[in-house]
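[1] how would this look folded up:
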Amino acid sequence: MFLYNLTLSRPSGIQCAIYGNFSAPKAQEIVVSRGRILELIRPGDNGRLQVILSTDIFGCIRSLAAFRLTGAQRDYIIVGSDSGRTVILDYNKDRNQFNKVHQETFGRSGCRRIVPGQYVAADPKGRACIIGALEKQKFVYVLNRDSAANLTISSPLEAHKSHNIVFHMCALDCGFDNPIFAAIELDYSDADQDPTGDAAAAAQKHLTYYELDLGLNHVLRKWSDPVDNGANLLIPVPGGGDGPSGVLVCAENFLIYRHQGHDEIRTVLPRREDLSGDRGVLIVSYASHKKKAYSFFLLQSEYGDIYKATLVYEGDTVTELKVKYFDTLPVCVSLAVLKTGFLFTASETGNHALYQFVGTGEDDDDVESSSATLVQTEEGYAPVFFTPRPLKNLVLVDEMPSLMPLIDMKVANLLDEEIPQIYALTGRGPRSALAVLRPGLAVSELAVSPLPGAPTAVFTLRAQPGDEQDGFIVVSFSNATLVFEIGEEVKETSQSGFQATTATLHTQLLEDGSILQVHSSGLRHIRTDRRINEWKAPGRRNITRAATNSRQVIIALSGGELIYFEMDQLGQLLELAKRDMDGDVASLDIAPVLPGARRCKFLAVGGYDNTVRMLSLEDGTQLRPVATQAVNAVPESLSMLHGQSADDGPGGDAGLFLHVGLSNGVLQRTEVDRITGRLSDTRQRFLGTRPPRLFAVNIRGVRSLLALSSRPWLGYSDMGKWQFMPLTYEALDHAAVSCR
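    Predicted coordinates:
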């Protein structure tokens with residue numbers, strides 16, 4: 001029996017990465033393979049790496065390649081996997097998902113040496129692709145468009161050769177000539193028949209060109225020539241008017257330019273001064289940067305050293321090959337140069353990183369080897385030495401955590417917490433680390449400040465509705481309120497207009513820039529010109545609960561009476577409706593006003609009779625019940641959020657959700673019909689031993705949920721799906737709410 005399974009956390013190691021424009025014409029994006037996970041990553045405006053989409057394919061991704069049809073503005077993705085199929089994916093920006101454009105079966109499933117999928121390469125003009133196995137089999141597919149401009153793929157064209165091992169494969173840049181694919185091959189037919197081992201010792205690697213004749217729809221073996229037996233990697237050279245075409249062959253200690261009809265151009269790879277003579281230098285990853293006037297290649301050795309390789313050529317003739325020491329980074333499985341001046345490194349061990357270019361490696365002080373100055377001695381070619389130095393041309397911008405490789409792991413509760421910790425040994429060599437893992441999201445504590453007493457609540461307010469940063473921090477105590485102004489430093493202010501001699505139940509920045517303070521005795525409306533309007537609670541009754549947004553205010557008085565206020569065009573709060581709830585109100589909440597709307601249509605009210613009621617706020621039906629839901633405990637806290645349902649992407653139809661924190665420690669999430677207010681699709685989750693207190697926060701510009709129980713929890717939308725994760729932080733009593 002074989003069952004699908006999901007891990008507790010996504011894999012963090014990366015096997016391969018490709019760069020392209022997958023969602024928009026000028027989007028700088030990276031698609032990475034994490035074993036069975038396919039991810040789309042995009043650097044943000046601040047340089048932070050953001051995971052836009054993560055998809056489990058329930059298989060093994062062996063290789064990736066990006067291609068773009070001629071005249072198109074976005075890239076497709078070719079996936080080589082253990083499924084025995086060629087799969088072409090297209091990213092759907094509206095639904096935030098990968099769409100399967102084509103799926104062609106060519107062999108058995110599994111990672112087998114003769115089943116293609118280990119190597120994938122696509123013609124730079126997007127006319128064809130090749131998918132190859134470690135041995136024997138290679139298939140070429142012609143890519144085209146139909147009359148509706150949709151991608152089409154041909155039947156596979158065979159380019160098999162038995163008794164033939166493939167070490168690497170790439171697609172040449174030939175302009176609009178017939179597509180050509182290059183491979184490093186080794187024929188072992190003689191060695192297979194020779195028991196003495198002499199034939200195996202004499203086996204020779206070859207650089208082979210396979211040409212796809214688009215006119216005859218046929219693949220032929222165009223050219224094959226012996227190549228250095230240390231060759232392990234091929235790098236295509238720009239062609240078709242942008243360069244001389246051909247390939248760079250990465251071999252042990254050498255970088256070689258090869259092309260059909262062209263002489264071999266060879267140079268040595270600079271090596272470390274402290275590297276022993278019996279150790280070679282192998283290139284393990286590379287990245288290309290191509291422009292019409294200038295192009296270069298970044299190569300990384302197995303020791304982490306980055307080299308910059310450039311070609312000097314006239315027309316189609318290469319006259320010189322130069323390799324210069326650039327910088328030293330952790331060893332990577334993939335490199336990607338972004339056109340915005342960033343370098344993404346998928347590290348073999350430890351964290352993956354995003355670097356920014358601060359230099360182009362043109363400094364004359366750096367060591368450089370050249371084919372023009374290559375010196376041949378009796379013992380071979382004279383080496384060129386360099387000494388590694390700290391980063392000079394790159395600066396670290398961001399990192400993505402990775403536990404690759406995981407050496408050992410133990411589960412223990414050494415910190416005497418609610419949930420045991422996982423202690424893991426990760427990394428290798430100088431990047432080794434002892435990682436302490438807890439289920440949940442990591443929290444960085446930026447500052448701690450002592451207070452003169454035990455606060456009951458804390459709020460944050462922006463000075464104006466359009467401000468990006470909060471301007472005030474309001475701290476409420478049992479009999480006082482302190483207001484701090486945020487500037488160059490945080491300092492207490494007495495010019496805020498707040499009533500400082502009473503506890504603050506709630507604060508709100510209103511639509512016109514005025515500020516509302518809710519306290520037990522009434523409402524204090526602080527206008528933008530510092531005029532203050534007061535509303536006093538009737539009789540000897542006190543305000544017990546309050547809910548607000550930028551235009552609406554609802555308060556609950558002791559005894560269970562609700563009073564509804566709404567802002568008019570002059571910026572005044574008008575009392576529009578009252579309702580007696582026949583019992584004290586346990587909790588209230590109202591959703592924010594959506595852009596283009598005048599008000600939120602519904603109010604959620606929790607009662608001590610273990611019910612949650614939805615009341616209408618529309619004209620003529622204010623505070624009229626539209627739905628009632630019985631719950632199994634007292635609803636201590638409510639929060640209404642606009643968001644996406646679990647199956648909708650960012651472009652999907654937004655829904656309205658009601659979150660209820662019950663006195664038994666359970667959080668209940670219910671979908672609210674935005675037209676009728678009916679409640680449906682209720683889901684529950686136990687959070688802790690304390691009743692959850694719910695607060696709205698902004699995560700990546702989206703209104704999200706913070707639940708404070710015996711430990712804090714965060715609910716947020718991630719790649720179109722609602723996630724609810726604990727925070728690795730101590731228990732909290734109250735949290736500041738961002739301006740609504």
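[2] quick check: next helix or strand after the host helix or strand of residue 579?
    For residue 579, the element it lies in under DSSP states H and E is strand 573-580. Per DSSP H and E, strand 573-580 leads on to strand 585-590 as the next helix or strand towards the C-terminus.
[3] angle of the helix or strand that that following strand is followed by against strand 573-580?
    Downstream of strand 585-590, the first helix or strand assigned by DSSP H and E is strand 602-607. Taking axes from the mean of the first three to the mean of the last three Cα atoms, to 10 degrees, one finds strand 602-607 and strand 573-580 inclined to each other by 40 degrees.
[4] and strand 602-607, what other elements does it pack with?
    strand 585-590, strand 611-616, strand 635-643, strand 655-662 (3 or more Cβ pairs under 8 Å, 6 or more residues apart in numbering; DSSP states H and E). Heads up, the C-betas are built off the backbone N, CA and C, glycines and all.
[5] between the third one and strand 655-662, how big is the angle?
    By that I understand strand 635-643. 160 degrees.
[6] where is the longest strand in the chain?
    The residue-count maximum for a strand in the chain (DSSP state E) belongs to strand 317-328.
[7] parallel or antiparallel, which strands does it pair with?
    Its sheet considered, strand 317-328 pairs with strand 305-314 (antiparallel), strand 368-370 (antiparallel) by DSSP bridges.
[8] hmm, who's touching the first one?
    If you take Cβ atoms under 8 Å, 6 or more residues apart in numbering as the criterion, strand 305-314 is touched by 237, 243-244, 248, 255, 257, 269-270, 272, 283, 295-301, 318-329, 361, 386, 388.
[9] if any of those residues are buried, put those into a PyMOL selection.
    In PyMOL syntax, the buried subset of those is picked out as below (16 or more other Cβ atoms under 10 Å):
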select buried, resi 237+243+244+248+255+257+269+270+272+283+296+297+298+299+300+301+318+321+322+323+324+325+326+327+328+329+361+386
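[10] now the helix or strand bottoming out on mean pLDDT in the chain, how far from the centre of its chain.
    When each helix and strand of the chain is scored by mean pLDDT, DSSP states H and E, strand 376-377 comes last, with a mean of 82. Centre-to-centre, strand 376-377 and its host chain are 50 Å apart (Cα atoms, centre = their mean, to the nearest Å).
[11] pairing partners for it, with directions?
    When DSSP bridges is applied, strand 376-377 pairs with strand 380-381 (antiparallel).
[12] for the strand holding residue 579, packing partners?
    Going by 3+ Cβ pairs under 8 Å, 6+ apart, strand 573-580 lies up against strand 532-536, strand 561-567.
[13] quick one, that strand and strand 532-536 angle?
    Using the same axes, to 10 degrees: strand 573-580 against strand 532-536 is 10 degrees.
[14] mind listing the strands strand 573-580 pairs with, and their directions?
    Strand pairing (DSSP bridges) places strand 573-580 next to strand 561-567 (antiparallel).
[15] setting the sequence-adjacent residues aside, check what's closest to residue 603.
    In space, and not counting its chain neighbours, residue 603 is closest to residue 615: 4.5 Å by Cβ to Cβ, 6 or more residues apart in numbering.
[16] can you give me every residue that contacts the one you found?
    Contacts of residue 615 (Cβ under 8 Å, 6+ apart): 562, 579, 602, 603, 604, 605, 623, 624, 625, 626.
[17] same deal with residue 6?
    Contacts of residue 6 by Cβ under 8 Å, 6+ apart are residue 56.
[18] Three-state assignment for it, please.
    coil (DSSP: H, G, I helix; E, B strand; the rest coil).
[19] tally of neighbours for the nearest residue to residue 417 once chain neighbours are set aside?
    Spatial nearest neighbour of residue 417, chain neighbours left out: residue 438 (7.7 Å); criterion: Cβ to Cβ, 6+ apart. Per other Cβ atoms under 10 Å, the neighbour tally for residue 438 reads 17.
[20] my guess is residue 438 contacts residue 728, does it?
    Yes. Using Cβ atoms under 8 Å, residue 438 is in contact with residue 728, at 4.6 Å.
[21] point out where the protein drops to low pLDDT.
    1-5, 292-293, 644-654, 737-740 (pLDDT under 70).
[22] hmm, back to that, take the helices and strands packed on strand 602-607 and lay them out in CSV including distance to residue 402.
    Converted to CSV, the helices and strands packed on strand 602-607 look like this (distance: least, Cβ to Cβ, whole Å):
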stretch, distance to residue 402
strand 585-590, 40
strand 611-616, 44
strand 635-643, 30
strand 655-662, 33
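[23] re the thing from before, the residue nearest to residue 417 and residue 513: what is the separation?
    42 Å (Cβ to Cβ, to the nearest Å).
[24] same check, this time on residue 347
    For residue 347 relative to residue 513 (Cβ to Cβ), the value is 49 Å.
[25] in the stretch 101-250 of the chain, which spans are helices?
    For the stretch 101-250 of the chain, the helices defined by DSSP state H, counting those that start in this stretch cover 189-193, 198-201.
[26] could you export these to CSV, including columns for distance to residue 225 and mean neighbour count?
    Converted to CSV, the helices of the stretch 101-250 of the chain look like this (distance: least, Cβ to Cβ, whole Å; neighbours: other Cβ atoms under 10 Å):
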stretch, distance to residue 225, mean neighbour count
helix 189-193, 18, 13
helix 198-201, 20, 12
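[27] okay, these in JSON lines with distance to residue 708 next?
    Formatted as JSON lines, these follow (distance: least, Cβ to Cβ, whole Å):
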{"stretch": "helix 189-193", "distance to residue 708": "69"}
{"stretch": "helix 198-201", "distance to residue 708": "68"}
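[28] for residue 490, find the nearest of those.
    helix 198-201 (73.9 Å; Cβ to Cβ).
[29] contacting residues around that closest one?
    With Cβ under 8 Å, 6+ apart, helix 198-201 has contacts from 188, 190, 191, 193, 194.
[30] find the nearest non-adjacent residue to residue 133, please.
    According to Cβ to Cβ, 6+ apart, the nearest residue to residue 133 is residue 116 (4.5 Å).
[31] need the strands for the stretch 201-350 of the chain, in chain order.
    Per DSSP state E, counting those that start in this stretch, the stretch 201-350 of the chain carries strands over the ranges 205-213, 218-226, 233-236, 247-251, 254-259, 262-268, 271-272, 283-290, 295-301, 305-314, 317-328, 332-337, 342-347.
[32] orientation of the fourth one relative to strand 317-328 in degrees?
    Between the direction of strand 247-251 and that of strand 317-328, the angle (the same axes, to 10 degrees) works out to 50 degrees.
[33] just give me the neighbour total for residue 377.
    For residue 377, using other Cβ under 10 Å, the count is 8.
[34] in the sheet, who's paired with it?
    residue 380.
[35] how close does it get to residue 268?
    From residue 377 to residue 268 the distance is 12 Å (Cβ to Cβ).
[36] with residue 49 instead?
    36 Å.
[37] mind checking which of the two has more residues around it?
    residue 268 (21 against 18).
[38] might one say that that one is in contact with residue 384?
    Yes. Under the criterion of Cβ under 8 Å, residue 268 makes contact with residue 384 at 5.7 Å.
[39] hey, what's in contact with both of the two?
    residue 369.
[40] report the beta-bridge partners for the nearest residue to residue 249 once chain neighbours are set aside.
    Nearest residue to residue 249, sequence neighbours excluded (Cβ to Cβ, 6+ apart): residue 256, at 4.3 Å. Residue 256 forms beta bridges with residue 249, residue 266, as assigned by DSSP bridges.
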